[in-house]
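>>> Here is my input, please return the structure:
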Amino acid sequence: MEGKAMAEVLTLEEIKTRYPSEWVLVEDPELDEHHQVVRGKVLFHDRDRLEVDRAALERRPKSSAFVYTGEAPEGMVFAL
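Numbering: from 1, shown residues only. Modelled structure (predicted):
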C-alpha cells in the first residue's frame with residue numbers, strides 16, 4: 001500500500017479516525033503532560049512503518065512524532 005503525503009493539522013482523535021491501523025508522521029506535535037501527542041500536522045501516513053520512516057528521512061522535520069493508530073499486538077514491546 002502506498003503512503004500519502006499530507007500537511008493538515010489534526011487532533012489525535014481525528015488522526016485515529018482518518019488513518020485507522022496506520023503509522024502517522026506528525027510534525028510539530030503538541031504534547032500533553034504525559035508527553036502524548038494531542039495534535040499536530042500530518043506529514044505522511046502508511047500501514048508500513050518502513051515507508052513512514054523513509055518519509056521522515058526525506059522530509060527531515062525539525063520536530064516530529066510517530067503515532068500508530070491501531071491496537072498493539074499482544075506481547076509487543078515498545079522502546080523509546
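>>> Name the spans of the protein whose pLDDT lies under the cut-off.
For the chain, applying pLDDT under 70 flags the ranges 1-7, 78-80.
>>> all helices for it, in order.
For the chain, applying DSSP state H gives helices covering 12-18, 49-59.
>>> what's the last one packed up against?
Using 3 or more CB pairs under 8 Å, 6 or more residues apart in numbering; DSSP states H and E as the contact criterion, the secondary-structure elements in contact with helix 49-59 are strand 23-31, strand 37-46, strand 64-68. (C-beta placed from N, C-alpha, C; glycine too.)
>>> Can you tell me which of the helices of the chain is nearest to Arg39?
Of all those, it is helix 12-18 that lies closest to Arg39, at 6.4 Å by CB to CB.
>>> Turn the helices of the chain into TSV, columns for mean neighbour count and distance to Val37.
As requested, these are exported to TSV (neighbours: other CB atoms under 10 Å; distance: least, CB to CB, whole Å):
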stretch	mean neighbour count	distance to Val37
helix 12-18	15	5
helix 49-59	14	14
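>>> any idea how far the residue nearest in space to the middle of the chain lies from Ile15?
The residue lying closest to the centre of the chain (CA atoms, centre = their mean) is Val24, at 2.4 Å. Note on Val24: its distance to Ile15, by CB to CB, to the nearest Å, is 6 Å.
>>> any chance of the helices of the chain in CSV, plus distance to His35?
As requested, the helices of the chain are arranged in CSV below (distance: least, CB to CB, whole Å):
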stretch, distance to His35
helix 12-18, 13
helix 49-59, 19
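>>> Select, out of these, the one closest to Pro73.
helix 49-59 (13.0 Å).
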